[in-house]
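Colleague: Take a look and give me a structure for this.
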Amino acid sequence: LLHLFKSERLLTLIFLNYILWGLSSFTAVWIFQKYWQEGNVPLYYFGFLWAGYNLTVGFSGKLVHRLENIYGPIPLLITLALLPIFGYFGMAFLAGWMGVIAGITFQISRGVSSVILRDGMKWRTPSDFRATANSLTSLFFRLGFALLGPIVGYLIDTRGINFSLQALGFFFTGIFIFFMLPLIREVKKINPKIIPSE
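Modeller: Numbers count the residues shown, from 1 in each chain. As a prediction, the model looks like this:
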């Protein structure tokens, strides 16, 4: 834990952003079915939607290294953070199938994040500590959802799903400002490559 928080500011920010943007898409996953139901999407399509969403994660992840080689990591970091924000507000203000399309943004973000931030963690963590770092990431992610999940559930039950989606949009806008922007500034200092070419 000390290595993640004391050795290098860039590693700390990668670690925190990996957890937080993972939470942004994971929280949405738990909302999707309720959202589809309230949007009158026929139950028949739910399985197809899950399959399509998960394929989107895979396709997005496959493109990351190619896009990073062309554009660098900063546009990808901005994209993976802005997409969930657009997704929450899009689902809140759109309805039915348009809201379903807005939900795809989370899956694209998840695919990008699972490659670029995970690789950033891997390259900046010594091999003898890597398994521990992965375990800590998983632990903090689960603790984060243990805190965020019940709050979101309470908001949905008491204020409705649209209010909850907007609240999450504003919440992750704050996360973008206070966690992603500092990461982008750190990346700009290092030529700017999260993943070394060695």
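Colleague: And for residue 32, nearest residue in space, chain neighbours not counted?
Modeller: Spatial nearest neighbour of residue 32, chain neighbours left out: residue 103 (6.1 Å); criterion: C-beta to C-beta, 6 or more residues apart in numbering. Every residue, glycine included, has its C-beta placed from N, CA and C.
Colleague: per-residue confidence at the residue most central in space within the chain?
Modeller: In the chain, the residue lying closest to the centroid (C-alpha atoms, centre = their mean) is residue 21, at 2.9 Å. Listed pLDDT for residue 21 reads 97.
Colleague: So it versus residue 180, what's the distance?
Modeller: Using C-beta to C-beta, to the nearest Å, residue 21 is found at 8 Å from residue 180.
Colleague: Next SSE downstream of the lowest-mean-pLDDT helix or strand in the chain?
Modeller: Within the chain, no helix or strand scores below helix 2-6, which has a mean of 74 by mean pLDDT, DSSP states H and E. Next in sequence after helix 2-6, counting helices and strands by DSSP states H and E, comes helix 9-38.
Colleague: so what does that next one touch, helix or strand wise?
Modeller: Judged by 3 or more C-beta pairs under 8 Å, 6 or more residues apart in numbering; DSSP states H and E, helix 9-38 is in contact with helix 2-6, helix 46-71, helix 73-93, helix 96-123, helix 130-159, helix 161-175, helix 181-188.
Colleague: in this structure, what spans have low per-residue confidence?
Modeller: Scanning the chain with the threshold set as pLDDT under 70 gives 1-3, 191-198.
Colleague: can you rerun that using 90?
Modeller: The chain contains residues with pLDDT under 90 at 1-8, 95-96, 121-134, 188-198.
Colleague: Residue 35 contacts residue 99, correct?
Modeller: Yes - judged on C-beta atoms under 8 Å, residue 35 makes contact with residue 99 at a distance of 6.5 Å.
Colleague: What is the neighbour count of residue 126?
Modeller: Residues lying near residue 126 (other C-beta atoms under 10 Å) number 10.
Colleague: That one: what secondary structure?
Modeller: Assigned with DSSP: H, G, I helix; E, B strand; the rest coil, residue 126 falls in the coil class.
Colleague: Relative to residue 84, how far out is it?
Modeller: Counting by C-beta to C-beta, the separation of residue 126 from residue 84 is 31 Å.
Colleague: same thing with residue 123?
Modeller: Taken as C-beta to C-beta, the span from residue 123 to residue 84 is 24 Å.
Colleague: Give me the spatial nearest neighbour of residue 87, chain neighbours excluded.
Modeller: Nearest residue to residue 87, sequence neighbours excluded (C-beta to C-beta, 6+ apart): residue 105, at 3.7 Å.
Colleague: Give the burial count for the one you found, as a bare number.
Modeller: Count around residue 105 with other C-beta under 10 Å applied: 23.
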